[in-house]
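Q: this is the structure alone, sequence omitted:
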């Protein structure tokens, strides 16, 4: 009996991600959800710009590559062109979704478009070499903040789930992490629920996944996951920020 | 006892699976180098494997197959 194997919706090719990068885990969770829900053949994924720009090589479903930050806009077009037959998800990093793509994200949420957004938050720009991102923590050392992020002139990190939970539009917002086995399993439940919401035509679902970037944080993969637990999760608390069907609205956070 | 199969050439030697294993079944092979130039993971104590799949859950590169 096979206990665990690579999901069918993930192509059998080596990924280009750095050793210990949790993008691979999140790719696998999305692919497992596509497999379990049996929607691989009708799914269209939207790849972002950033480290996961090559996501279209890794998923077995149809993929479209979006301009930087514009994945929710393209997903809107796809879902409106054929709302009955297609499942649409976007896979975006924090530099893509929370910086240049903020307008598209907020308006897609406000319109309650029937799409699923997987938002990978690792608090840094990975592909371009470790610059400060909108989600970098106060005091975090990056290439462009060598003395740590100074909130006096760089401002404060953007908490996407909290911000979107103030809107009336979105159906489902949850923040999860992939730093240990328990959190990975919770992350999969959240991603599956987001896809189920879309199948049931409930509207906009966003799952924020707290991820790591060992290379640009300058840590080993193990230390990076510890840093996620010690620094990132206290600043970005995990939990359900909005689930309209379950009656969780506006800023009430329900932790598992 | 579970049977572990690794796609050794795709392993990047990050060691997240080694830390996740509750039974200390896995270790990085310090004397081997794979095609990518990393020390790949190997099962040093496969008899102790309980098939919990924690290693595969944490593997970013999906190289572990587990059969019971």
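A: Here it is on my side, so go on. Keep in mind that what you see is a predicted model, and the values were worked out from it rather than measured. Numbers count the residues shown, from 1 in each chain, chains lettered A, B, ... in the order given.

Q: contacts, neighbours, all on C-alpha from now
A: OK.

Q: burial of residue A:81, as a residue count?
A: Close neighbours of residue A:81, defined as other C-alpha atoms under 10 Å in any protein chain shown, add up to 11.

Q: now do the one 3 residues further on
A: Residue neighbour count, defined by other C-alpha under 10 Å, stands at 10 for residue A:84.

Q: now do residue A:222
A: There are 16 residues near residue A:222, going by other C-alpha under 10 Å.

Q: next one: residue A:42
A: 13.

Q: that one is in contact with residue A:87, isn't it?
A: Yes: contact criterion C-alpha atoms under 8 Å: residue A:42 and residue A:87 qualify, at 6.1 Å.

Q: ok, the residue positioned nearest the centre of chain B - contacts?
A: Central residue of chain B (C-alpha atoms, centre = their mean): residue B:41, 4.6 Å from the mean position. Applying C-alpha atoms under 8 Å, 6 or more residues apart in numbering or on different chains to residue B:41 gives the contacts B:6, B:8, B:11, B:13, B:15, B:18, B:26-29.

Q: swap the cut-off to 10 Å and go again
A: The contact partners of residue B:41, taken as C-alpha atoms under 10 Å, 6 or more residues apart in numbering or on different chains, are B:6-8, B:11-18, B:26-30, B:32, B:34, B:63-64.

Q: hey, what's it bridged with?
A: residue B:28 (DSSP bridges).

Q: quick check: the gap between it and chain A.
A: For residue B:41, the distance to chain A equals 12 Å [C-alpha to the nearest C-alpha, to the nearest Å].

Q: okay, that residue: pLDDT?
A: We note a pLDDT of 95 for residue B:41 in this prediction.

Q: for residue B:64, grab phi and psi.
A: In terms of degrees, to the nearest 10, the main-chain angles of residue B:64 are phi -100, psi 130.

Q: surely it meets residue A:6?
A: Yes: using C-alpha atoms under 10 Å, residue B:64 is in contact with residue A:6, at 7.9 Å.

Q: just the contacts of residue B:41: which are in helices?
A: Using DSSP state H to define helices, the subset of the contacts of residue B:41 located there is B:16-18.

Q: and residue B:51, how many residues sit next to it?
A: 19.

Q: ugh, wrong one, residue A:172
A: 30.

Q: same check on residue A:16?
A: 14.

Q: with residue B:7 instead?
A: With other C-alpha under 10 Å as criterion, residue B:7 counts 14.

Q: now it. Nearest residue, chain neighbours left out?
A: residue B:63 (4.9 Å; C-alpha to C-alpha, 6 or more residues apart in numbering or on different chains).
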